[in-house]
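Asker: Sequence and predicted structure, then a few things I'm wondering about:
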Amino acid sequence: MGELDPTFIQEPEHRAKLAIVEAQGIPQIDLSPLINSSPADYNAAAVQDLIGEVRDACKNWGFFQVFNHGVPLESREKLFSVSKRFYDQPMEEKRKVRRDEANPQGYYDTEHTKNVRDWKEVFDITVENPTKMFASHEADDDRITHYINRWPEHLPELREACEAYVKDVQQLSYKLLELISLSLNLPANRFEPFFCKDQTSFIRLNHYPPCPVPDLALGVGRHKDAIALTILAQDDVGGLEVKRKTDGEWIFVKPTPNTFIINVGDMIQVWSNDRYESVEHRVMVNSTRERFSIPFFLSPSYYTVVEPLAELIDVQNPPKYKGYNWGKFFATRKRSNFQKLKVENIQIYHFKIPNKLTDDAVSGVENLVI
Ligand SMILES: O=C(O)CCC(=O)C(=O)O
Ligand SMILES: [Fe+2]
């Protein structure tokens, strides 16, 4: 990634610490009661326990790991290995599938989080191809654009591996969404309408090259995920840190073979009216080993209005957010990211309804990135 450019340097308070706090780590959840059986054959008691574990993990951490998740190991390993082959190519090949402002799919190596450059390269692929999105961030402009996946000419295996992996991981995302819905005492299919047509979900192939100054730069700066739910596969190198809710300490997420790391995104925070919170996380880099990770960002249709669910609102729990349109939110975020506008990105707290008794709407809420 060339010699150190000052745009990579984090402010001192945001740099990675050398001492890693691992503690007991984020909860580990066994999904076997739900996998490989149809709803008619579920063991009801085991599923109830599972719902309870998901509820506790979402409340206390916003993050958890799952095993016995039903995604075949081969499908995941294949994608990691083709991803490495993609990034091993010369820069001129990677630039042939470079993202541009009109179509943000493909390769990119100058992503910034909170105006500091990330020490990484990414390759984005949407699940629906093409994916429909608003062309403009302007509220009264309802023109639609189509994002189209870009595929490298000399690596046809990338497309095959992505398409196979996405199918498997999407199934897992629906199971998780059902569990989360049940854990909020809602019907299992409560979130289905947001995803059944025109979803804007995507996967990202992250590559973090070795970094000569891991004490100054980050692979991804602190952020929250703007989408509904993230399903992350990481390799055995490690680097992800999650901000613990109880004390704000950064906790290292130890790589565990064949597990996925799940986190609640901002939309679940809004839909649940703050019962669950989207938690800040970041990625450390190191000076010796490159790292690969693959998040799947489950995201609804561009016309979804994200607002607290009516069932979770009553006199004691008034709505904490005004509704916002996901497609307009995304287009606004994309515009400021692409043009590197020196302004803060659009955030869900901009839609917060101030509660005079309990909070001051704009204080203490952190940034996010997608
Ligand atoms: O690479 C990782 O472990 C996490 C990446 C991440 O947080 C993101 O891409 O939003
Ligand atoms: Fe993230």
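Answerer: In hand now; what should we look at? Numbering: from 1, shown residues only. Ligands and ions are numbered 1, 2, ... in the order given.
Asker: Residue 348: neighbour count?
Answerer: Look at residue 348: counted by other Cβ atoms under 10 Å, it has 21 neighbours. In short, each C-beta sits where N, CA and C put it, glycine included.
Asker: Could you do residue 222 as well?
Answerer: Counted with other Cβ under 10 Å, residue 222 comes out at 21.
Asker: which residue sits closest to it in space, ignoring its chain neighbours?
Answerer: Excluding its sequence neighbours, the residue lying closest to residue 222 (Cβ to Cβ, 6 or more residues apart in numbering) is residue 282, at 4.4 Å.
Asker: what do you get for residue 209?
Answerer: Among residues not flanking residue 209 along the chain, residue 290 sits closest, at 5.2 Å (Cβ to Cβ, 6+ apart).
Asker: Next, the buried residues of the host helix or strand of residue 170.
Answerer: Residue 170 belongs to helix 156-183 when assigned by DSSP states H and E. Under the neighbour-count criterion of 16 or more other Cβ atoms under 10 Å, helix 156-183 has 158-159, 161-162, 164-166, 168-170, 172-183 buried.
Asker: tell me the secondary structure for the residue nearest to residue 222?
Answerer: Assigned state for residue 282: strand (three-state reduction, DSSP: H, G, I helix; E, B strand; the rest coil).
Asker: so it touches residue 225, yeah?
Answerer: No. Using Cβ atoms under 8 Å, residue 282 is not in contact with residue 225, being 12.0 Å away.
Asker: Check the gap between residue 208 and residue 125 for me.
Answerer: Distance, residue 208 to residue 125, by Cβ to Cβ, to the nearest Å: 18 Å.
Asker: neighbour count winner among those two?
Answerer: The neighbour comparison of residue 208 against residue 125 (other Cβ under 10 Å) goes to residue 208, with 26 against 22.
Asker: isn't that one right up against residue 111?
Answerer: No. Between residue 208 and residue 111 there is no contact under Cβ under 8 Å: 11.7 Å.
Asker: who touches both of these two?
Answerer: Common neighbours of residue 208 and residue 111 (criterion: Cβ atoms under 8 Å, 6 or more residues apart in numbering): residue 120.
Asker: Three-state assignment for the residue nearest to residue 106 when sequence neighbours are not counted, please.
Answerer: Leaving aside its chain neighbours, residue 106 sits nearest to residue 150 (3.8 Å; criterion: Cβ to Cβ, 6+ apart). Secondary structure of residue 150, reduced to three states by three-state DSSP: coil.
Asker: how deep is residue 150 tucked in, by neighbour count?
Answerer: By the measure other Cβ under 10 Å, the count of residues near residue 150 is 18.
Asker: Low-confidence stretches in the stretch 101-250 of the chain?
Answerer: By pLDDT under 70, the stretch 101-250 of the chain has no low-scoring segment.
Asker: OK, now which residue of it is nearest to ligand 1?
Answerer: Going by Cβ to the nearest ligand atom, ligand 1 is nearest to residue 240 of the stretch 101-250 of the chain, at 3.6 Å.
Asker: Now do the residue lying closest to that residue once chain neighbours are set aside: how many residues are near it, please.
Answerer: Leaving out its chain neighbours, the residue that sits closest to residue 240 by Cβ to Cβ, 6+ apart is residue 253, at 4.4 Å. By other Cβ under 10 Å, the residues close to residue 253 number 21.
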